[in-house]
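Engineer: sequence first, predicted model second:
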Amino acid sequence: MLLASALGSAVALLCFFYWSAPKVGWENEKAVSWLLTFACSLVCTIVAIPSVYEFYKSGWRMELLIAQHHAWQAILVGFFMAYLALDLSLGYRYYRQRIHFATGWIHHMLYLTLAFLIFRRHPSFFATASILELPTFILSVGTLFPNWRSDLAFGSSFLILRLGFHTAMILPLKHEHPARALWWLAIAILPLHLYWFTGFIRSQMKKQKKMRIPLTPSSNIVRTAMHSAPCMDVDSLMSS
């Protein structure tokens, strides 16, 4: 099922990519680089909702989460693996400058390995944890549709999910989940989330500081240029 879902997902993602890339413009490398991430984060967020709801109804009991076995959860793992592979291969072809070594190649190869070795055996956990893709979805929407950009929505969802929910899952994973590797994985990823969020807060502080600079006739042009550019480069904080 994993191979079939990965191949089917790859075809669907390729169709979406080559259909939407001309619409945003091949010359707009930034937008093109976010198309697959937009699709992946949207699907992961939507598919995660039933698992999160069941987890909530169980009283956040890890043993009941482990007991969940749905075909769509395994399909989601294959979909995620297809996204990772395509983001690297298409990225190398169309937006090579935006596939960074650490947050691109290492991150994607690591998660491909984890998806094959761990998540395919525990798809219920992966499906629930996929709700962490909501901040990425908000970020991708803001990148592709600048008028819909909301730093507040991104920052709030990141704080609640990538820091709060992620941290709350660590102890249950340690004491209740049979896959010991998941506990260590959660610990290892948390500092990366903290690093990203710290960068986001720092950029927001710089933005507020610039907005408080008194406007003088000589600074009118500079101020106008500042407001015509993105208020902060949040999309550099996350690659998926």
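Structural biologist: Received the coordinates, thanks. Numbers count the residues shown, from 1 in each chain.
Engineer: tell me, how many residues neighbour R202?
Structural biologist: The tally of other residues near R202 (other CB atoms under 10 Å) stands at 11. To be clear about C-beta, it is placed using only N, CA and C from the backbone, and glycine gets the same treatment.
Engineer: so in this structure, where's the weakest helix or strand by average pLDDT?
Structural biologist: helix 220-228 (a mean of 35; mean pLDDT, DSSP states H and E).
Engineer: could you name the helices and strands sitting against the longest helix along the chain?
Structural biologist: If you go by DSSP state H, the chain has its longest helix at helix 180-211. Judged by 3 or more CB pairs under 8 Å, 6 or more residues apart in numbering; DSSP states H and E, helix 180-211 is in contact with helix 151-157, helix 166-176.
Engineer: buried ones in that helix?
Structural biologist: In terms of neighbour count (16 or more other CB atoms under 10 Å), helix 180-211 has its buried residues at 182-183, 185-186, 193, 196-197, 199-200, 203-204.
Engineer: and what of stretch 78-95?
Structural biologist: In stretch 78-95, counting by 16+ other CB under 10 Å, buried: 78-88, 90-91, 94-95.
Engineer: which members of those occur in helices, if any?
Structural biologist: Those of these lying in helices (DSSP H): 78-88, 90-91, 94.
Engineer: quick check: the farthest pair among these?
Structural biologist: Spatial extent of these (CB to CB) is set by the pair G78 and Y94 at 23.3 Å.
Engineer: the buried residues of helix 180-211 into a markdown table, with extra columns for distance to I138 and pLDDT?
Structural biologist: Formatted as a markdown table, those follow (distance: CB to CB, whole Å; pLDDT from 0 to 100):
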| residue | distance to I138 | pLDDT |
| --- | --- | --- |
| L182 | 26 | 87 |
| W183 | 28 | 88 |
| L185 | 24 | 88 |
| A186 | 22 | 90 |
| H193 | 15 | 92 |
| W196 | 14 | 91 |
| F197 | 14 | 94 |
| G199 | 16 | 92 |
| F200 | 12 | 93 |
| S203 | 16 | 91 |
| Q204 | 15 | 92 |
